[in-house]
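**Student:** Provide a 3D model corresponding to the input given below.
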Amino acid sequence: MIFPRMLRPRHSRLSFAAAVSLLLITPRAQPLVFVSYLPPDEAAQGWIRLFDGTSRFGWTSASGEWQVNANALVSDPTQSDSLRTTASFSDFDLKFEARITGPAMLLLRADPESKPAQSGYTLSLNDGTIAGISGAAASSASSGWNTYEVQAEGTHLVASLNGKITADGKSTKNWVGYFEFAAPRGTRVEVRSIALKPLGLDPLYNGSNLDGWKAVSAPVPQSKSKLHLPIPGLSGKPKPPQNVTWSGQGTIHGAGGVGQLESTTAYDDFVLQFAAKSTGREEGTGIGMFFRGTPNQFDSGYLVGVDSATERELQDRKSFGIGGLVKLQKSRAASVNAGQYFTCTVVARAHRLSVWINGALVTDYYDSRPEGIYHAAAGPLGFRIQNDKATLDLRNVKVASLAKGPEAPPPPAPVVVAAPAPASPPSAAPVTVPMILPGQSPQEKAQQEQIRKLTVDALSAATPEDAVRINKQILMIDPGDMPAQQRLDKAQAEIDATNAQREQGRREEQASTAKLEANSARRSALVIETQDALLRGNVDEAQDRLNDAQRLGARGPEVDRLNTLIRSRIRNRLLLRTGLCGGGIIAFSGLLIFFWRRRGKAVNAYLVALDGVDKGKRYLLNQEVTHIGGVAMDGGKKNEVLVRDPDRQVSRFHCEVHKRGNNCYLIDLDSSNGTFLHSRLLQPGVAAKLRDGDKFTLAQSAAFELHLERREAK
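**Tutor:** Numbers count the residues shown, from 1 in each chain. Next up is the predicted model:
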């Protein structure tokens, strides 16, 4: 059997090149991050955030290493630092807050890539003046946070510092460019709350009809079957999609089919703002805003997603998220509130494409592909629906062209629509242009090989610092290497997070050390105050100061000596007061003691526990001082009567019973919950005489009864 020779595809090499190009531009999966939107009223007014408060997304370091700390961009005072936005603007209202420690400035409309390069306007952060713009008095920035505002409309620039106008004049020096903060070595600059509102945008939709717009139908899908049957309805030809119905009364509304609506004016570099609301009843609704496409051609140019997506859709690559560049970069946010209008801002200038959703930057992409695949030519702006179950509503569609360099932007060019070509077979579908790599010079090959080796080293870098260093080397060779820029930003973010964590630990350690030092100083001061109080004879004050010192952790021989001295003074004072207040009683007691001694009798004193686990136990008072408390011993001191109290209401050294001859006295030792004699709270340090049968309670937790027994002296 002879098999027919297989025909080799005519465009196999082109197909392979196309596949390689798709692999090169396919974005890697990136996790979603928390996106903080502006309030709806501010977003509807056109405001956007240039700094999200948590990362350097949307910024690039021209020199130095800027950090993100406490919701602010912070320069490194040990070196000259500059940081600029990746997006460019022409007319704007810019507001921000800054705190500076030396000379610093902000460049406005800076455009180093234009020919000739434009340095922009220099706004001094120290006094709010703009070099070359006069007409207002300068002001001085405070040492704290200062509020700045700059308005640029055409040739007219106005600046203010803390509400005071510092510059007001006209100049034709520059029309478009970046913002760049610059700080020389020795200056620390902190910037936060950077918000911008694009100005000078003209309505692209008049609010009443679709003048200036035209509808483009989707092509008939290519047939996948070559079977032709004579049966009606089973010919194998695909059914053409139903066209979208577009209306423009009050809002632009599209529904009921597949197609796109494009402007009759072409734009290449522009700022676009619009409010949109999209709905769909199934996954992958495929609603987007496109630009730099080919007139009258469906599915051309760049496409920005304007429909919400789930995390699963993002993972399955069914959607690039709201604000994402389809097939190029996923959005940092997946969705917004369903069924509500949101504001989208798109800034396109040369290779840099940036998208904001409700004021939050969600996409920042640099298209480094070569001409032919990278869309550079001007084209219509429009909106595309690729699912007949989806609807789209639009309002407040406004746009402004951006200048190419120092000159004023030209008016947008009308789209030139070619005459319709003869009808082609339904199988003539748009063909993806493959990427054809031109020949390289030996120097270019050497650079590519060096970049390849550095990329391998960057991917296997052991530390974020090594990753930053290697990726910077790659960017020095090829500034347009976006994967290297993304790796650099990721590594820098890790370094920023580590530095922030170290700074937090250092602050906590300093706070702990300061607290320990303050406690130590306070303890020393309290010990000195205790000594002074003893010298003045104020025993109560000395006792209070020493108690405070011990609560703060005062320990040592000096504290023990002062404690012993205070107790001795308290005992002496109590005895003295007892002698002065009850001299007669003491004399009478002395006579009785003398009489009893003459009669040869003595008194045995003991305590009986009335409750608790030791109920009924007797404690003989056979020494001069009997100590009662909740611990057996602590630091050389001990209690002869141990109270086992599960609730820990009894203090460690709660009270003492002093025996003088045949008399007993009860003294509270400044206990936490007090000592009660016949339900009466005793004053700390004041002696109370006990009689036979007297009952006293410790902290309402343990009770004792005193018994006196007379016996014959031996």
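**Student:** what's around residue 51, how many residues?
**Tutor:** Residues within reach of residue 51, counting by other CB atoms under 10 Å, total 23. No exception for glycine: its C-beta is placed from N, CA and C like everyone else's.
**Student:** Isn't it up against residue 181?
**Tutor:** No. Residue 51 is beyond contact range of residue 181, at 10.4 Å (criterion: CB atoms under 8 Å).
**Student:** shared neighbours, those two?
**Tutor:** 73, 191 (CB atoms under 8 Å, 6 or more residues apart in numbering).
**Student:** what about the longest helix in this protein?
**Tutor:** Ordering each helix of the chain by length in residues (DSSP state H) puts helix 482-536 first.
**Student:** Name the residues of whichever helix or strand comes after that one that are buried.
**Tutor:** Beyond helix 482-536 on the C-terminal side, the first helix or strand identified by DSSP states H and E is helix 539-551. Of the residues in helix 539-551, 539, 542-549 count as buried by neighbour count, 16 or more other CB atoms under 10 Å.
**Student:** Could you export those as CSV, including distance to residue 710 and pLDDT?
**Tutor:** Listed next are the buried residues of helix 539-551 as CSV, based on distance: CB to CB, whole Å; pLDDT from 0 to 100:
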residue, distance to residue 710, pLDDT
539, 36, 84
542, 40, 87
543, 37, 88
544, 42, 90
545, 44, 87
546, 41, 86
547, 40, 89
548, 46, 88
549, 46, 86
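**Student:** now those residues as CSV including distance to residue 267?
**Tutor:** Shown next, in CSV, are these (distance: CB to CB, whole Å):
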residue, distance to residue 267
539, 91
542, 87
543, 86
544, 82
545, 81
546, 83
547, 81
548, 77
549, 78
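**Student:** before we move on, the earlier item: how far off centre is the longest helix of the chain?
**Tutor:** 21 Å (CA atoms, centre = their mean, to the nearest Å).
**Student:** Pick out whichever of the buried residues of helix 539-551 sits closest to residue 649.
**Tutor:** residue 547 (18.4 Å; CB to CB).
**Student:** Contact partners for that closest one?
**Tutor:** Residue 547 neighbours (CB under 8 Å, 6+ apart): residue 670.
**Student:** hmm, try it at 10 Å
**Tutor:** Taking CB atoms under 10 Å, 6 or more residues apart in numbering, we find residue 547 in contact with 526, 530, 554, 563, 566, 670, 684.
**Student:** One more: residue 79?
**Tutor:** 63-65, 183-186.
**Student:** how about it, secondary structure?
**Tutor:** Residue 79 falls in the coil class when you classify it by DSSP: H, G, I helix; E, B strand; the rest coil.
**Student:** pLDDT wise, what is it at?
**Tutor:** pLDDT, residue 79: 91.
**Student:** what's the burial count for residue 371?
**Tutor:** 8.
**Student:** same question, residue 410
**Tutor:** 9.
**Student:** who's the nearest residue to it once chain neighbours are set aside bridged to?
**Tutor:** Excluding its sequence neighbours, the residue lying closest to residue 410 (CB to CB, 6 or more residues apart in numbering) is residue 401, at 6.9 Å. Under the criterion DSSP bridges, residue 401 forms beta bridges with residue 270.
**Student:** shouldn't residue 401 be in contact with residue 269?
**Tutor:** Yes. Assessed by CB atoms under 10 Å, residue 401 is found in contact with residue 269 at 6.7 Å.
**Student:** Mind listing the shared neighbours of the two?
**Tutor:** In contact with both residue 401 and residue 269: 90, 176, 378, 409, using CB under 10 Å, 6+ apart.
**Student:** Out of the buried residues of helix 539-551, which comes closest to residue 606?
**Tutor:** residue 543 (29.8 Å).
**Student:** any idea what sits nearest the closest one, other than its immediate chain neighbours?
**Tutor:** In space, residue 543 is closest to residue 566, 5.4 Å off (CB to CB, 6+ apart).
**Student:** my read: that neighbour touches residue 533, true?
**Tutor:** Yes. In this structure, residue 566 is within contact of residue 533 by CB under 10 Å, at 9.2 Å.
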